[in-house]
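In: What follows is a predicted protein model with its sequence.
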Amino acid sequence: MTSLDILDRVISTLDDLGIDHVLVGAFSAIAYGLARATKDADFVVSCPPSGVAKVAEALGPDYALDRQVEFETLTNSKRNVVTHGPTGFAIEFFYLGDDPHHQERFRRRRRGMFGRLRQGVWLPSVEDVVIQKLRWRRDKDLADVRTVIAVSADVLDWDYVHRWTNLHGSTELLERIRREVEE
């Protein structure tokens, strides 16, 4: 089973259970930039932890839920992890919180096709991928920002991006990356 097979199954299960969600993290950057390896898929969900428990149960015995809700310091959010046992592929479910950008990113999500998935998936806007990756500031996230800008710069709403990077203090970093991409 590939990561895309697992994603298909998770997306179908979320849809079947009526759990609002958006695919974020590496897969959202891949959707607007270039492919890269990843060992997990990240979703933001609008449900309580009991909703993720229902997802894990519906996925079946090959999937194990770590019932401990963790606080993720990088994103300032709570999450649960479901692991596909045979492959070790992790599905991280981040709970939609009160952060203004997280709320806006969730409202602006769009349903679209991704890679070889057999169905549509909710994705954040390209602008929100850039903004969130800049907030995380990890090397792999900044590499994602570079590829997303290199591929999608012509369609980015730069006013929207600057509004949030000004609030988050990441405008200087964004401009440095843009200069690097243009060189």
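Out: Structure received.
In: Select the helix or strand of the chain having the lowest average pLDDT value.
Out: Across the helices and strands of the chain, mean pLDDT, DSSP states H and E gives its lowest value to strand 63-72, namely a mean of 88.
In: wait, what's in contact with the residue nearest the centre of the chain?
Out: What sits nearest the mean C-alpha location of the chain, by CA atoms, centre = their mean, is residue 24, with 0.8 Å. By CB atoms under 8 Å, 6 or more residues apart in numbering, the contact set of residue 24 is 42, 43, 44, 94, 105, 124, 129, 132. In this view, the C-beta of every residue, glycine as well, is placed from N, C-alpha and C.
In: Report the beta-bridge partners for it.
Out: Using DSSP bridges, the bridge partners assigned to residue 24 are residue 42.
In: wait, isn't residue 27 in contact with residue 37?
Out: No - Residue 27 is beyond contact range of residue 37, at 11.6 Å (criterion: CB atoms under 8 Å).
In: ok, the residue nearest to residue 46 when sequence neighbours are not counted - how many residues close by?
Out: In this structure, residue 46 finds its nearest non-sequential neighbour in residue 20, 4.1 Å apart by CB to CB, 6 or more residues apart in numbering. Using other CB atoms under 10 Å as the criterion, residue 20 is surrounded by 15 other residues.
In: now do residue 63
Out: With other CB under 10 Å as criterion, residue 63 counts 21.
In: Settle this for me: it is touching residue 54, isn't it.
Out: No - taking contacts as CB under 8 Å, residue 63 lies outside contact range of residue 54: 11.9 Å.
In: Burial check on residue 89, number of neighbours?
Out: Burial of residue 89, expressed as a neighbour count using other CB under 10 Å, amounts to 21.
In: So what does it look like in phi/psi?
Out: In terms of degrees, to the nearest 10, the main-chain angles of residue 89 are phi -70, psi 130.
In: What residues does it make contact with?
Out: So residue 89 contacts 3, 6, 39, 40, 41, 83 (CB under 8 Å, 6+ apart).
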